[in-house]
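Visitor: what's the 3D shape of this:
(one chain, ligands or ions: 2)
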Amino acid sequence: MPPKDLAIVILAAGKGTRLKSNLAKVLHQAGGRTLVEQVLRSCAPLGAKKMVVVIGHQAEQVAAVVEPTGASTVLQFPQHGTGHAMQVARRGVGGARLVVVMPGDAPLVRTETLRALVAAHRAGNAAATILSAVVSDPSGYGRVVRKSETQVGAIAEESQLTEAQRDINEINSSIYCFTLDKLWPALAQVKPNNKHKEIYLTDAIAVLAAKGETVLAQVAPDPREVLGCNTRADLAEVDGIFREWKRNELMAAGVSIQLPQTVVVDSDVVAGEDTLIEANVQLLGKTKVGARCIIRTGSVLKDAVLGDDVIVEPHCVIVNSRLDERVTVGPFARLRPDNHLKAGAHIGNFVELKKTTMGEGAKAGHLSYLGDAKIGSKTNIGAGTITCNYDGFHKYPTTIGNRVFIGSDSSLVAPVRVGDGAYVAAGSTITENIPAEALGIARGRQTNKSGWASKKRRELAAGADSKKSARKRTRQAPRGKTKKKSRRR
Ligand code: UD1
Ligand code: CA
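Guide: Ligands and ions are numbered 1, 2, ... in the order given. A predicted model of the protein is given here:
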């Protein structure tokens, strides 16, 4: 049962000055998604009746990411701090009794951890429950100042720390659960008493505690879950953790990964049992890999869908393409978007494909460009075959039937059709359709001139001799002629 009394507020209006970027902080990526998307995904399963994202910097771009998820947005302008952002969010949360507040820049938090936070808040009948973490280096974070074993007295921001507080290693994650009818009056009492003249949400904690309200802190099971992305170094660290978790998930599902630290896998990727991913592979976007596949080193797959037993040899780039079972590709193949390679098809080295279908067992082994082409089953495309699909204005299709043999170094000038079982002679430039079972040949006829080569060689040798003697003559010329040169030195 989704909780009817719960709202979620995500604070995502800040610029992210410390990133030194033109892009708003929450639009930076980690684990293959923007930070704000990652945060939305971690809290969406809570089933809150309202999800509100506070936007400000690059509001339009942030809204474009947020709104398709069903969350609503409120505009904070100008941005006067995290407490002010909460005040702005008030009109979005409706009649909710509890709110989970999340910063837009801490994307690693797990849904289970949020559930536990809400449960602890309810169980303790608290006004506020802070998700905290115990870390070895607390610098840069607000510190949780406890007034007893169970109760919190305040959050001290880095800039406000006393000497004694500096050693506190329990930090504020900026993720909280609040009881709203306690939060609003406390927040109204917070003054912008800091060098940025901002209203800090953290200061509402001390106000609540001073009123004798219950303020709890729940320690996150894994301190990495609360890492915030204030700097590029933070972003790299958080991205690395997402990638590590994802690789561990794949390995737990029966996928082998060589040198895992070198492999980049986006969150939505899936792979089947006994698949092997070699070092330095990237599996991006919505890539799906079947069982018993081998993805060899240096290959990059984005939105690719692979059946079972597919082999991708080293250094292939495959984008938005479907490879059915037992397909083999590469090394050094480039599949641009919209290809479909049917079962057992083979694409070899230095072959580029775009919007092309290869029938079952069809082969293009070497050095080809196949674009806007439909190629039948068991057809063989010889080395160096080019579909000339573009006349500078429009693209045209090439249709090749089943069991066709295209001889090496042929150009197929589209639109053109080659019927089932036809042959194309090597080196042809095909401009007209070839009927089934026919031979298409389109090249100059060969003539052999007997004795031509030896005659040519004799001529060339004679020419070389006369040049040599001419050079000898100039070298023996009187010294006076070279005087100019020596004087120049
Ligand atoms: C904040 C906390 C700090 C905590 C840390 C955890 C405050 C004052 N400090 O610091 O105790 O340890 O997070 O990561 O809250 N935002 C707005 N509107 C604003 C200001 C900020 O929406 O006016 C948003 C930002 O876009 C960001 C989030 O709030 O997503 C947190 O702001 P940030 O500036 O990153 O706070 P920290 O300095 O990290
Ligand atoms: Ca932050």
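
Visitor: Can you check what pLDDT the model gives the closest residue to ligand 1 within the stretch 351-489 of the chain?
Guide: Using CB to the nearest ligand atom, K354 is the residue of the stretch 351-489 of the chain that sits closest to ligand 1, at 40.7 Å. C-beta here means a position set from N, CA and C on the backbone, and glycine is covered the same way. Per-residue confidence for K354 comes out at a pLDDT of 98.

Visitor: ends of stretch 303-319, how far apart?
Guide: This stretch, stretch 303-319, spans 6 Å end to end (CA to CA, to the nearest Å).

Visitor: which other residues reach that stretch?
Guide: Residues from elsewhere that reach stretch 303-319, judged by CB atoms under 8 Å, 6 or more residues apart in numbering: 272, 278, 284-302, 320-337, 343.

Visitor: any idea how far the residue of the stretch 351-489 of the chain closest to ligand 1 is from A414?
Guide: 12 Å (CB to CB, to the nearest Å).

Visitor: Buried ones among the contacts of stretch 303-319?
Guide: Neighbour-count burial (16 or more other CB atoms under 10 Å) is assigned, among the contacts of stretch 303-319, to 272, 278, 284, 287-302, 320-336, 343.

Visitor: Restricted to strands, list those.
Guide: 284, 288-289, 294-295, 300-302, 322-323, 328-329, 334-335 (DSSP state E).

Visitor: Closest to ligand 1 out of these?
Guide: Looking across these and measuring by CB to the nearest ligand atom, the closest to ligand 1 is L284, at 25.6 Å.

Visitor: Report the contact partners of that closest one.
Guide: Contacts of L284 by CB under 8 Å, 6+ apart are 32, 264-266, 269, 300-303.

Visitor: What is the most widely separated pair among the residues you listed?
Guide: Greatest spacing in these, by CB to CB: V264 and D303 (14.7 Å).

Visitor: about what we covered before: how about the contacts of L284 in CSV, adding distance to ligand 1?
Guide: Converted to CSV, the contacts of L284 look like this (distance: CB to the nearest ligand atom, whole Å):
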residue, distance to ligand 1
G32, 19
V264, 25
V265, 26
D266, 23
V269, 27
V300, 31
L301, 32
K302, 28
D303, 29
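
Visitor: biggest helix in this protein by residues?
Guide: Across the chain, the longest stretch assigned as helix under DSSP state H is helix 452-475.

Visitor: chain center to it: distance?
Guide: Offset of helix 452-475 from its chain centre (CA atoms, centre = their mean, to the nearest Å): 64 Å.

Visitor: Give me the mean pLDDT for it.
Guide: 90.

Visitor: ok, back up a step: nearest to S466, of the contacts of L284?
Guide: For the contacts of L284, the nearest to S466 is V300 (59.2 Å; CB to CB).

Visitor: correct me, but the closest one touches G285?
Guide: No: counting by CB atoms under 8 Å, V300 stays clear of G285, with 10.6 Å between them.

Visitor: So out of everything in the stretch 301-450 of the chain, what residue is nearest ligand 2?
Guide: Scanning the stretch 301-450 of the chain for proximity to ligand 2 using CB to the ion identifies K302 as nearest, at 30.1 Å.

Visitor: Kindly provide the distance from the residue nearest to that residue when sequence neighbours are not counted to R445.
Guide: Distances taken as CB to CB, 6 or more residues apart in numbering put L284 closest to K302, at 4.2 Å, once the chain neighbours are dropped. Counting by CB to CB, the gap from L284 to R445 is 51 Å.

Visitor: If we ignore the residues flanking it in sequence, what's nearest the residue in the stretch 51-200 of the chain positioned nearest to ligand 2?
Guide: For the stretch 51-200 of the chain and ligand 2, the shortest gap (CB to the ion) falls at D105, measuring 4.6 Å. Leaving aside its chain neighbours, D105 sits nearest to C229 (4.5 Å; criterion: CB to CB, 6+ apart).

Visitor: Quick one: residues contacting that neighbour.
Guide: Here C229 is in contact with 16, 19, 25, 28, 30, 35, 105-107, 235, 238 (criterion: CB under 8 Å, 6+ apart).

Visitor: And for T162?
Guide: A156.

Visitor: And it, how close does it get to V404?
Guide: 82 Å.

Visitor: Same check on A209?
Guide: Distance, A209 to V404, by CB to CB: 80 Å.

Visitor: Same question for K49.
Guide: For K49 relative to V404 (CB to CB), the value is 61 Å.

Visitor: So for these two, which sits in the more crowded spot?
Guide: V404 (26 against 15; other CB atoms under 10 Å).

Visitor: count of residues packed around the spatially closest residue to the more buried one that is not a sequence neighbour?
Guide: In space, and not counting its chain neighbours, V404 is closest to T379: 4.3 Å by CB to CB, 6+ apart. Using other CB under 10 Å, T379 has 25 neighbouring residues.

Visitor: so what's T379 up against?
Guide: With CB under 8 Å, 6+ apart, T379 has these contacts: 359, 362-363, 400-406.

Visitor: Might one say that P221 is in contact with R115?
Guide: No: with contact defined as CB under 8 Å, P221 does not count as touching R115 (12.0 Å).

Visitor: What does the pLDDT read for the residue of the stretch 201-350 of the chain found nearest ligand 1?
Guide: Residue of the stretch 201-350 of the chain nearest ligand 1, by CB to the nearest ligand atom: G228 (3.1 Å). pLDDT recorded at G228 is 96.

Visitor: Go ahead and name everything in contact with the strand or helix carrying E352.
Guide: Here E352, judged by DSSP states H and E, is contained in strand 346-354. Strand 346-354 has contacts (CB under 8 Å, 6+ apart) with 321, 327-339, 341, 358, 361-372.
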